[in-house]
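> Quick one, structure for this:
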Amino acid sequence: MRIEYSREGLPTAIYEPGDFVRLRRDEEGEVVTARAGDWGQVTRVEHGNLDIRFAGHSRPRTSDLPVARDVPAWIVDPCDRRGRITQLQRDLDTARARAG
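Alright, predicted model coming up:
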């Protein structure tokens, strides 16, 4: 995962395959394949959407729906291998430099 910072020093995660993420809200749409609290490993990133493998992480390896496809990146947070949310820190040096 890469982290980019806004002019105010606010962090934004840029996800890559292999990163772990946790959904902060249910996936939208008629067929919901991912719910808030599900977590897993990113397998593909395309146009701001993620494919996430939940099987073997927050779901059993034999899950009927092992992968959710095209999950918007804005509804997930970075997490560790156990599903615990990783808090991104603000870049205070950038914020101070731009303010001053």
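> pretty sure W74 is in a helix, no?
Yes: per DSSP: H, G, I helix; E, B strand; the rest coil, W74 lies within a helix segment.
> Okay, it and R82: tell me how far apart.
23 Å (C-beta to C-beta, to the nearest Å). All C-beta atoms are positioned from the backbone trio N, CA, C, and that covers glycine.
> residue ranges for the helices of this protein, please.
Listed in chain order, the helices of the chain (DSSP state H) span 92-99.
> Sketch out the low-pLDDT regions of it for me.
Scanning the chain with the threshold set as pLDDT under 70 gives 92, 94-100.
> from the middle of its chain, how far away would the longest strand along it be?
Ranked by residue count under DSSP state E, the longest strand found in the chain is strand 39-46. Taking C-alpha atoms, centre = their mean, to the nearest Å, one finds the center of strand 39-46 at 8 Å from the center of the full chain.
> and that strand, what does it pack onto?
strand 20-23, strand 49-53 (3 or more C-beta pairs under 8 Å, 6 or more residues apart in numbering; DSSP states H and E).
> who touches that strand?
15-23, 50-59, 67, 73, 79, 83 (C-beta atoms under 8 Å, 6 or more residues apart in numbering).
> And the residues you listed, which of them are buried?
The neighbour count (16 or more other C-beta atoms under 10 Å) marks 15, 19-23, 50-55, 57-59, 67, 73, 79 as buried among the contacts of strand 39-46.
> on that earlier part again, paired strands for the longest strand of the chain, with orientation please.
Within its sheet, strand 39-46 is paired with strand 20-23 (antiparallel), strand 49-53 (antiparallel), according to DSSP bridges.
> okay but Y5 is in contact with P11, surely?
Yes: if you go by C-beta atoms under 8 Å, Y5 and P11 touch, sitting 5.8 Å apart.
> Can you check which residues contact both of these two?
R90, D91.
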